[in-house]
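> below are the sequence and a predicted model; questions follow.
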Amino acid sequence: MTDEVRDKSSLAPLHQRGDGGISCGPSATGENEGVGVTGLMFEEPLLFDQGSPGRRGCTLPECDVPELKADRLLPRKLLRHDIPGFPELSEVEVVRHFTRLSQWNYGVDTGFYPLGSCTMKYNPKINEEVWRLPGFSCAHPYQPESLIQGALELMYELEQCLAEVSGMDRISLQPAAGAQGETLGMMLIRAFLESKGSPRKRVLVPDSAHGTNPASSAICGYEVLQIKSGPNGRLDPKAVADAMNEDVAAIMVTNPNTLGLFEDQIAEVAKIVHAKGGQVYCDGANLNAIIGISRPGDTGIDVLHINLHKTFAVPHGGGGPGAGPVGLKAHLAPFMPVPVIEKKGKRFVLNEDLPSSVGRVRAFYGNFAALVRAYAYIRSLGPSGLRRVAEVAVINANYIMNQLKDYYHLPYDKFCKHECVFSDARQLPHGVQTLDIAKRLMDYGFHPPTIYFPLIVKGAMMIEPTETESKETLDQFIAAMKRIAEEAERDPELVRSAPHKTRVSRLDEAKAARQPNLRWKGNAPKTATESS
Amino acid sequence: MTDEVRDKSSLAPLHQRGDGGISCGPSATGENEGVGVTGLMFEEPLLFDQGSPGRRGCTLPECDVPELKADRLLPRKLLRHDIPGFPELSEVEVVRHFTRLSQWNYGVDTGFYPLGSCTMKYNPKINEEVWRLPGFSCAHPYQPESLIQGALELMYELEQCLAEVSGMDRISLQPAAGAQGETLGMMLIRAFLESKGSPRKRVLVPDSAHGTNPASSAICGYEVLQIKSGPNGRLDPKAVADAMNEDVAAIMVTNPNTLGLFEDQIAEVAKIVHAKGGQVYCDGANLNAIIGISRPGDTGIDVLHINLHKTFAVPHGGGGPGAGPVGLKAHLAPFMPVPVIEKKGKRFVLNEDLPSSVGRVRAFYGNFAALVRAYAYIRSLGPSGLRRVAEVAVINANYIMNQLKDYYHLPYDKFCKHECVFSDARQLPHGVQTLDIAKRLMDYGFHPPTIYFPLIVKGAMMIEPTETESKETLDQFIAAMKRIAEEAERDPELVRSAPHKTRVSRLDEAKAARQPNLRWKGNAPKTATESS
Amino acid sequence: MEYIPNTEADCRAMLDAIGVRSSDELFADIPSKLRLKRGLNLAPPLSETGLRKHMQGLAGKNADVDQYASFLGAGAYNHFIPAAVSHLVFRSEFYTAYTPYQPELSQGTLQAVYEYQTLICQLTGMEVANASMYDGSSAMAEAVLMAHRINGRQEVVLPMAVHPEYRTVCRTYVSKLGLQLHEVPYTDEGTTDLKQVKAALSDRTCAVVVQSPNFFGVLESLDELAEAAHRAGALLIVVVAEPVSFGIVRSPGEYGADIVAGEGQAFGNHLNFGGPYLGFFASKQAYVRSMPGRLVGRTEDKAGRPGYVLTLSTREQHIRREKATSNICTNEGLCALAATVHLSLLGRAGLRELALLNLRKTAYAKAAISKLRAYELPFAGPTFNEFVVRVKRRTPAQVNRALLAKGIIGGVELGRFYPELSDCLLLCVTEQNSREEIDALCKAMGGGR
Amino acid sequence: MEYIPNTEADCRAMLDAIGVRSSDELFADIPSKLRLKRGLNLAPPLSETGLRKHMQGLAGKNADVDQYASFLGAGAYNHFIPAAVSHLVFRSEFYTAYTPYQPELSQGTLQAVYEYQTLICQLTGMEVANASMYDGSSAMAEAVLMAHRINGRQEVVLPMAVHPEYRTVCRTYVSKLGLQLHEVPYTDEGTTDLKQVKAALSDRTCAVVVQSPNFFGVLESLDELAEAAHRAGALLIVVVAEPVSFGIVRSPGEYGADIVAGEGQAFGNHLNFGGPYLGFFASKQAYVRSMPGRLVGRTEDKAGRPGYVLTLSTREQHIRREKATSNICTNEGLCALAATVHLSLLGRAGLRELALLNLRKTAYAKAAISKLRAYELPFAGPTFNEFVVRVKRRTPAQVNRALLAKGIIGGVELGRFYPELSDCLLLCVTEQNSREEIDALCKAMGGGR
Ligand SMILES: Cc1ncc(COP(=O)(O)O)c(C=O)c1O
Ligand SMILES: Cc1ncc(COP(=O)(O)O)c(C=O)c1O
C-alpha cells in the first residue's frame, strides 16, 4: 500500500511523478526514460493523486430556499461530514485527466477491432446524435403515458422490427445485455415447463458455447450437461438425442455458433428436444452473419436473445451498456416480463397485467438509449441493407480465413459465417502461442482477436471482421498476421516479448490476481475489518 | 510529384504504406521501423490516398421531386461531370482518418500551452454546449427581426458587457479576429480624421508591436513609423513626442504590451498624440492581465480591439475562428460599421442607417457563435470572477518568471503582467538557441511558448501561463525548463536535436519554403498554366 | 445507409480470392428450408436527414424534464449534469471500445474503472467495489445471490419499503434457486418495522435487505438493523437508489453493512426513460471472491510500470461457466465512466453541497405542502429528497392531472405499488427544481382545497 | 464559476515564492489613476445550470430552420450536415489548439489543412489555395487587394450582381488604398452586362470581379468575362458564395480564372446567425507569393518522414509586418476543418448528387411558382438553387408576412439592396426543403392571388 500513498500537495520531482512526458519516435534518444511515455501521450496519475484542497470542478445551482444547517434537516447521528480522499479538482484538471486516459484506449473509431463473437462494427454517428434528443434522454420512466407516447411507439416499432428479423412472435426489450437475455429466456422456459407440471432439472449446452450460457442456466436453477460438438464443429443430433430425456428442460444452441459455423442440424435437434417436451433456446449473439438470410425463428427454436450492441451497431462503451432483447414463440408469451407495450387504437400503453408473468429482470423498461440506437440503425439500413450486412460480414470473414489458412492452423476448414477460428498449433513448436500472437498484433496497430475461446479449440484465435471494414484494412491485417507467422519462426522471442509499442508492455495478470489491489487506499478511512 | 502519385486501389505492402503502426514504449525493440510510429498512434495517409471508387460517406435526403437529368436543368456547356481525385470514402474511413489526425495534435485539453500573447486558457465545456442550441446555431442571418430577438439581445448585452469591461463607449462586434478589429479600428480613425479634413499619412507603432499592427495600418493606407521602446521595455513619451506631428494619424499601443508590461505612460502618450490631433489605438489582445483592474478606456485611448478567443475563453480552433470586437469612444460612433444593434423599447433592431459609417468589414454581423461563448463566459464569471482571472493570470506569470530567472536571461527584470519574456542569451554560448529549447520542451510534454517574438528581444521566449493552470502544472513546467537549461550545458546536442518523442522529428521548414508542395496532385486535372 | 465500405468491386475481388462465384456459395451450409425466401418486411431505408426528422418526430411526442417542472423520483433522478461529462464520456476511444480484455490497449478504460471502484468504496464506506452491474434492481438481486453463496442460507428478509420493482426483480431472480423472501411492513415513520424484522430472523436467515433512503424517501435506522441481522448470523445488504444521499448521510459501511448495492444513475447519467442506468456493487474485502461482475486491479508491466487489468476472473462465467458467481458479461461501463467523471467534477465539497441542496429544497417543499389543508405527510421519519404526501379530498390522479394542466409533472401515485397507500403521492425535489417551481407546485396543489 | 484551479492557498504559496505580500504588489506598475476604483458593473455570476437556462431562454427567442420551413439563402445556406462532422470537429485536440506554429505537435491540424487546400483546388479548378480567410466577403476584398499587388492597376470592375454586402465590404477595404470600383449593371437575364463590362475595361483595369452563381442565383458566362478581362490585361476574380454549385457547374479554373474567392459555409458549417463562416481563397500557382493568409506545405523531418508545416510565411504580417500580403493572423481554421470533413463524407459522387438535388428542387419550385398568376420570374438566366420572384399585386413584405403565418420563412426582400427590385423576393431551395414544404410555399404564396 505504501507506494500508493502520495502527498498530493507536494511537488514530486519530474522523474518520479512522470508527468507530462510525451515520447519516443523512432529517433528517440532514450536520454530521459522516466519522463516520457509513448507518443503524444501523457503519464496521468490517479484522480486521487492530483488536485489541491478546496478545488472544485463545477458549480451547483444557486440555493434559492432557506439555507438551513444540515443538523436542522437531519438527525445528527445520520450525518456524514466529509469523505476523506475524495477528489478535489478543477474542471480543466478533470477534462485533461479523462482526455489523456482516453488516449490510452483503442476503439473501433481508432482501428480494426476483430474481437470474435463481439461484432465490433462501426457505430454510426447519427445514432449517437438522435438518442440524445431531450425527448428521449430526458424523459422520466414514470411520466404519465400521455407524455411518453414517442418512447412507447419507438419500443413498439422496434419490437415489430426485431420480431420480423428474428422470426419470433414476440420480443421483450427489457434485458440489459445478452446474458440477462439468457436469464430471462431460461426463466420463460422454466415458467412454461412449470405450467406443464415440472420445471425439469437439466439444460444441455454444447461445449463450444459462450460461458454465459451455462452460467445463465445455473442462475435459473438448472444443472448443465455439456454436449460435445461433432467433428465438423457442429451439433450432432445423435449426441443430443442421447442426452435428451424428460429431465432435460432445454438445449441452448448458439447459431451461428462460436466457431463461426451455421448449425445446419438445428431443425433436427429442435425436433428431438421438442419430442421429449424440452425447449430450444437460441443464443443469437451471432445474428449478424445471417440477418435477412435465415431467421432463427424459422429453425424450430422457442426462445432467443439478440445483442443489440453487436448486430445492431450499439456501441459497446468499453464494457457496456448494451441491450439483450429476447424473442419468443407465442406459447411463451403469457410468461413475458412486465410491462409489455401494447397498442390500443392510436395510443401506446404499458400493460403490467400479465398474471403468469415471470416478473421483471430489471426496474423500468430496458436500456432505452440502446434501443433508440438499434431502432435508428434498422431504419437507416432497411431490409436490403440488413441483408447486405450479413453478406459482406461473411465475405470479409471468409476472405481472412482464406488468406491466412496457409499460415495458421485452421481446425475447421470450411466456409465460415461471420468469423473464422484459427489456432496456434503451427506456432507452438517455436514456443509462440496465441497470447503472444495477439500481443504482437498490437505492435502492428490492430486490436487482437478473441483468444482462447471457444474452449474446444486449443489456443483459439477467433477473428470477426464485421462488414464495416474495408478490403484494404483486411489486407493490412492479413499482411501483419503473415508477418507474425514469419516472425514466430525467425525470431520467436520478438513475438513472445510483445507488445513493444504500447504505452505499457505486457502486464502481469498473475500478480494482479495474487495480490489484488482493487482500489486506491492512500487516504481512505480504515474500517475494522480492513485493518484486521 | 512522383512520390505522391499512388495507386490507391492496390494494396501497398505494410512497410511501404506504413499503416496501422502503433509504437514505441521505452521497451521498443525497433525490429520493425517503418510500420510503427509513436504511441497508440497511427500512420494515416492523405484522404486522397485512401478509399475505393464508388464509396461514399453519407446519404443525402431522398429526391422527392422529378429526377430530371442535369442537362435538362442547366445548359450543357456549364455542366461539370466529375471531380477526379476527389475522396471516395465510407463514413468509418472518414471517422478514423480524422480521429487519428486529431491524435497527432496538442490542445489545451491535452496539456499546458503557454504560447505567449495567445492566452491559451481552458475553454469551458458548457460554452460549447450553449452555442450549439438550435436557436443560435441554426438561425439564418436574414430571418425577420421578430424571429431573431434572442440573438440580437445577446449581442446587445455583450456589447454592454464589453463596454463596461473595456471602459469604451460603444462596441462593434463585427470583426472576425483581432487583426480585422485593427483594420476596422484604423478605418474608424481614418474616417474621423477625414471628417476633420485629412486622413493624415502615418501611424506610429512601437517596435515591440505584434505584426498585425503595422500590417493593419498599411491596409488602411498608412505608412508606419516604428517607435523604439524605452530601456524599461515600455513606451517613452519623449520618443512619441519626437515622432508626433500633424502628419501622424495615430499611435497603436499594445497594453499590456508584448513584453508583458503595463504601459504606465499611456495617459501621457495619449495626451501628446491628442495634442497634435492624432488618435490612440489600443491593441487589447492582452486584456486578460488587467480585466477588472484597469480599463483601457480610462487611460486616454480612442479605439481598442479585444480578442474574444484570448481573454474570453473562445477556443482557438487550431487557427480560428475567433472574434475581435472593437471598442470606441463616442466621437467615433458615427463611423461605426453597419448594422448596429439598438434597443427600441423592448425590441432589438438592426440599424443600417448610419450615413457616415465606414461600411462593413464582413457580411452579416460577426462571428456570432464566438460571441455566444464569450457572453456565456462573462455571465459565468461575473464581475469578481473576471477580476480574479487577471489576478491569478498575473500571479502565475510572475511565479514562472521568478522561478526561472536564475536559469534563463530575463531582459526586463520587473514584475510582469500576464506573461514573461526570457531570451536564450545564456544558452547561446553552448550552441543552444530558443528554437532548440522550444522543441525540447515537447519531449517533456509541454507545448512551447511563443518564440522569437517580440522582435526586440533576440531569441525571445514568451511564456503566458493564463489563470487556468494549476501550481502543480507550473511547477512541472518550471522543472522541465530548469532541466533543459542543465541539458544545454551538459549535453547541448540532445537539445539541439530535439524533439525526440513526437510523431515526427524536427521538420524541415526551409525545404517546405524552397520547394513548395501545397496540395496533393496525384490525380488532379492539369490545367494549361500548371503543366507549362 | 449501410455503413459498408466495400463496394461490389471490392467484394468481387475478395470472392475471387476465396474462389467462389458469389456470396451465395458462402451460405450454402444453411439448409434451404431454413432460409428466408423473401425480403424482410421492414420499412425502406431512410437517409440521414430522413432518419433525423423521423426521430425528432418521435422524441417530440415525449415530454422532457426541461419542458415541465417534474417532481418524479422513485429510482430515477433528475440531477444536474455538467457539460464536461458528456464531452468526455463520448470521446470515441472510450465509447467505441469493448470490455478491456486486452489491457495494453485499454489502459484508459481500466484506470477509469479502478478510479470508479475507489469512488464507490469511498461513497459506500466499503472495502471493495466491482466495475458495475446492470442497474440498481438487478444489483440488489445479485447481492442476495451473493449472500446466499456466502452463507448458504435460504431466507431473505425484504422490507416492503424497498422499491417495489426492485422487489419484483429480486423475486424473479432468486426464486429459481429456492430462496424465500419474507416481506416485512413499514411503520408510521415510513421506516421498516424493526420488530417484524427481528421476528422474521432466524438461523435460516441469509440476509436482511434494507433500502436507505427507502422507497418513501425515509432514512432507515441502519445501526439497529445491522445489529439485528448480524446477531442472527445474517448478512446486511444495504440498497441505495439515490446515491446523492451519500454526500450527507453516514455511509452503510460505517454501520457494518456486508454488501451495498444500488443505482448510480444520479451521477452523470440522464434519465433516458429508465435506462441504461448503473448498478453499483460493493462489499467487505472478505467476500471479494464471491462477488459478481468484473473487477479491475492494479499491477505492473514487464518494466515495472504500473498498469491496470481485469482480475480475479476465476469468479466469472467465461472461466467458471455454470459455477460462476454471476452470468454477467457486458455491464454498464460507460455509465460508470459518466459517474466517475461527474463525481470528479463534483468533488469532496461539491458532493456534500449537492446533497445539502437536495435536503434543503426538499425540506422547503415539505414545509410548504404540510401547510396545505388538503394534504398531509403520513410518514414522520427523516427524509432525503423524496417524501410521501397523502391527498385528502381528491385522488392522487386528480391532483396529478391538475398539476399537468399547469405544466407540472407531479408525483408517483403510490396506489400503483401499495394498495394501502392509494391516496398517496411520492414527490421528489432535487437541485433542479427551483423555488418558483416548488411554489408553483404548492399553489397548484392548493388549488384543490 | 471561474475555471481557476489555484486556490487561495496555492496563490499564497506562489506569492511567497515570488516574494510579495499580495497580488496588489504585482499590479503596482499600473498608475493609481488608471485603476478601476470600483467593481465591474456586470451581472453576478451564474451557476452552470443558471447559465444553461438563461441561454436556452435567449436561444428560444430565435426561430431556427428546424422549426420553420425556410427559403432564405443569399450567402448563408441551410444544408444537411452529417452527424459525423461535429463529432470529429469537436475533438478537443482540434478545437483547443492554436494556429499550428509548432508543427511537431500539430500534424493533425496541418495535414487536415493540406487536405483542405487540395479540396479547394479540386473544387475551384485552381492550382493553389490558402488555409482560409474570415468569410466570403472579406476573401473577395482580399482578392482585389491581391490583384492590385500583382498588376499595380487601380480600377476594379464590380458587377451589381455581386452580393451587396460583399460589395460594401470590398469598398470599405479597398478605398483606403485609392482603388476605384466601377459597378456594372445586370441584364434581363439576371447576368452581368457583358457590354458594360467591356466598356469599363481599360489598361487601368486591375481586375474584373464576378460572382457565379451571382446574388440572383444566376450563373454568369465566365468564358466571355474571362476573355474580356484577360484581353485588357486585367485579372479575373471569380467569387462563389454557394460552393455546392461546384458539384455540377464547371469550375472557374476551367475558364481561366486568376483568383477564386468565396464562402465555404455551405460545407459542414451551421448557419450560426451569420458567422463564423469560411472564406476560401485560391489562385494560379504563379501568384502564390502574392497570396494572403496561411499556407501549409508538405516537407519531411530529419528521418525523411513526410510532415506538414506552415510555409511561405515571408508573405505574412509576423515576418513582413507593414509589407505583408495581408494582416490576417487568426483565420477560420475549424470551419475549414468542418468543410474538409463534410467534403470527405460527401465525396466524389455525393457532392455531384447534392448539387443535382439542389438543382432539381429549385427547378421544381421555379416551375410551380411560375404557374402562379400573381408572380413572375424576372430573370431568364440559368440558376442553381436561388432565383428571383417578382410579386405582382402585393409587396414582398406582405407575401413574407403571409408565409410566416403559415410557418414559412420566405425570401429575402430585394428592395433592401436594390431599389429597382423592391417588388422582388430572392428565394433559395436546397435539399433541406422537402417537396411538401415547396408545395406549402406555393400554396401560401398563391393564397394571395
Ligand atoms: C456467443 C455469446 N453469447 C452470449 C454473450 C453474452 O452477451 P452479453 O455480453 O451482452 O451479456 C456473448 C458476448 O460476449 C457472446 O459472444
Ligand atoms: C498582441 C496581439 N495583437 C494582435 C493579434 C492579432 O489577433 P488575431 O490573431 O485575432 O487576428 C495578436 C494575436 O496573435 C496579438 O497577440
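Thanks, I have it. Ligands and ions are numbered 1, 2, ... in the order given.
> going by C-alpha atoms from here, please, whenever you check contacts or count neighbours.
Fine.
> leaving out chain neighbours, which residue sits closest to the residue in the stretch 101-250 of chain C positioned nearest to ligand 1?
Across the stretch 101-250 of chain C, no residue is closer to ligand 1 than C:Tyr134, which sits at 10.0 Å (C-alpha to the nearest ligand atom). Residue nearest to C:Tyr134 in three dimensions, not counting chain neighbours: C:Gly279, with 5.1 Å by C-alpha to C-alpha, 6 or more residues apart in numbering or on different chains.
> contacts only, for the one you found.
Applying C-alpha atoms under 8 Å, 6 or more residues apart in numbering or on different chains, one finds that C:Gly279 lies in contact with C:132-139, C:261-264, C:332.
> just C:Phe384 next, same as before
With contacts defined as C-alpha under 8 Å, 6+ apart, C:Phe384 is in contact with C:213, C:217-219, C:245, C:358-359, C:362.
> distance of A:Trp131 from A:Asn245?
Remark: distance between A:Trp131 and A:Asn245 (C-alpha to C-alpha, to the nearest Å) = 47 Å.
> which element is C:Tyr101 on?
C:Tyr101 is located outside every helix and strand, with elements delineated by DSSP states H and E.
> need the per-residue pLDDT for it.
At C:Tyr101 the predicted local distance difference test score is 97.
> quick check, A:Gly107 in contact with C:Arg91.
No - here A:Gly107 does not reach C:Arg91: they are 9.8 Å apart, not a contact under C-alpha atoms under 8 Å.
> higher neighbour count, the two?
Neighbours around A:Gly107 and C:Arg91, counted as other C-alpha atoms under 10 Å in any protein chain shown, are more numerous at A:Gly107. The numbers are 27 against 22.
> contacting residues for the residue lying closest to A:Pro339 once chain neighbours are set aside?
Beyond its immediate neighbours in the sequence, the residue positioned closest to A:Pro339 (C-alpha to C-alpha, 6+ apart) is A:Glu352, lying 4.4 Å away. When contacts are counted by C-alpha under 8 Å, 6+ apart, A:Glu352 is found next to A:338-340.
> dump those to JSON lines, plus distance to C:Val162, secondary structure and neighbour count.
Compiled in JSON lines, the contacts of A:Glu352 are given as follows (distance: C-alpha to C-alpha, whole Å; DSSP: H, G, I helix; E, B strand; the rest coil; neighbours: other C-alpha atoms under 10 Å in any protein chain shown):
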{"residue": "A:Val338", "distance to C:Val162": "19", "secondary structure": "coil", "neighbour count": "25"}
{"residue": "A:Pro339", "distance to C:Val162": "19", "secondary structure": "coil", "neighbour count": "19"}
{"residue": "A:Val340", "distance to C:Val162": "23", "secondary structure": "strand", "neighbour count": "19"}
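> excluding chain neighbours, what is closest to C:Val20?
Of all residues apart from its sequence neighbours, C:Leu26 sits closest to C:Val20 (C-alpha to C-alpha, 6+ apart), at 7.8 Å.
> with C:Gly108 instead?
A:Leu101 (4.1 Å).
> residue 293: how many residues sit nearby?
Using chain A. 23.
> try again with chain C
Under the criterion other C-alpha under 10 Å, the count of neighbours that C:Gly293 has is 27.
> I'd say it and C:Glu316 touch.
Yes - in terms of C-alpha under 8 Å, C:Gly293 counts as a neighbour of C:Glu316; the distance is 7.1 Å.
> picking that back up, A:Trp131 and A:Asn245 - which one has more neighbours?
When A:Trp131 is set against A:Asn245 and neighbours are counted by other C-alpha under 10 Å, the residue ahead is A:Trp131, at 23 against 18.
> for the longest helix belonging to chain A, which helices and strands make contact with it?
If you go by DSSP state H, chain A has its longest helix at helix A:368-404. With contacts defined as 3 or more C-alpha pairs under 8 Å, 6 or more residues apart in numbering or on different chains; DSSP states H and E, the packing partners of helix A:368-404 are helix A:125-130, helix A:149-166, strand A:420-422, helix A:471-490, helix C:8-18, helix C:23-26, helix C:48-60.
> buried set for it?
Neighbour counts over helix A:368-404 (16 or more other C-alpha atoms under 10 Å in any protein chain shown) mark A:368-404 as buried.
> does ligand 1 have contacts with it?
No - judged by C-alpha under 6 Å from any ligand atom, helix A:368-404 and ligand 1 are separated, with a smallest distance of 12.0 Å.
> OK, contacts around the nearest residue to C:Thr172 once chain neighbours are set aside?
Leaving aside its chain neighbours, C:Thr172 sits nearest to A:Gly359 (5.5 Å; criterion: C-alpha to C-alpha, 6+ apart). Neighbouring residues of A:Gly359 by C-alpha under 8 Å, 6+ apart: A:336-338, C:168-169, C:171-172.
> still on that earlier bit, who touches both of C:Gly293 and C:Glu316?
Both C:Gly293 and C:Glu316 are contacted by C:325-326, C:328, under the criterion C-alpha under 8 Å, 6+ apart.
> for these, which one is nearest ligand 1?
Taking C-alpha to the nearest ligand atom as the measure, ligand 1 lies nearest C:Ile328 of the shared contacts of C:Gly293 and C:Glu316, at 5.9 Å.
> get me the contact residues on the stretch 301-450 of chain A for ligand 1.
Checking the stretch 301-450 of chain A against ligand 1 by C-alpha under 6 Å from any ligand atom, the hits are A:Asn307.
> how does it look with 8 Å?
Residues of the stretch 301-450 of chain A lying near ligand 1 by C-alpha under 8 Å from any ligand atom: A:307, A:309, A:322-324.
> hmm, back to that, how many residues are close by the residue of the stretch 101-250 of chain C closest to ligand 1?
35.
> OK, contacts around it?
Here C:Tyr134 is in contact with A:176, A:321, C:276-279, C:331-332 (C-alpha under 8 Å, 6+ apart).
> if we go to 6 Å?
With contact set as C-alpha atoms under 6 Å, 6 or more residues apart in numbering or on different chains, C:Tyr134 has these partners: C:278-279, C:331-332.
> same deal with C:Ala226?
Contacts of C:Ala226 (C-alpha under 6 Å, 6+ apart): C:Leu236.
> report the separation between it and chain B.
Separation of C:Ala226 from chain B (C-alpha to the nearest C-alpha, to the nearest Å) stands at 44 Å.
> kindly report the same for C:Cys329.
Note on C:Cys329: its distance to chain B, by C-alpha to the nearest C-alpha, is 27 Å.
> quick one, strands of chain A?
Secondary structure of chain A by DSSP state E: the strands cover A:170-172, A:202-206, A:223-227, A:248-254, A:279-283, A:303-305, A:326-328, A:340-344, A:347-351, A:420-422, A:450-451, A:461-463.
> meant to ask about the stretch 51-200 of chain C
Listed in chain order, the strands of the stretch 51-200 of chain C (DSSP state E, counting those that start in this stretch) span residues C:69-70, C:128-129, C:155-159, C:180-184.
> turn these into JSON lines, including mean pLDDT and distance to ligand 2.
Supplementary listing: the strands of the stretch 51-200 of chain C in JSON lines, determined by pLDDT from 0 to 100; distance: least, C-alpha to the nearest ligand atom, whole Å:
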{"stretch": "strand C:69-70", "mean pLDDT": "96", "distance to ligand 2": "43"}
{"stretch": "strand C:128-129", "mean pLDDT": "98", "distance to ligand 2": "50"}
{"stretch": "strand C:155-159", "mean pLDDT": "98", "distance to ligand 2": "65"}
{"stretch": "strand C:180-184", "mean pLDDT": "97", "distance to ligand 2": "69"}
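> out of those, nearest to B:Lys471?
Each of the strands of the stretch 51-200 of chain C was scored for nearness to B:Lys471 using C-alpha to C-alpha, and the closest is strand C:128-129 (32.9 Å).
> how near is the residue nearest to A:Ser294 when sequence neighbours are not counted to A:Asn286?
With C-alpha to C-alpha, 6+ apart as the measure, C:Arg35 is the residue that lies nearest to A:Ser294, at 4.4 Å, once sequence neighbours are left out. Between C:Arg35 and A:Asn286 the distance is 16 Å, computed by C-alpha to C-alpha.
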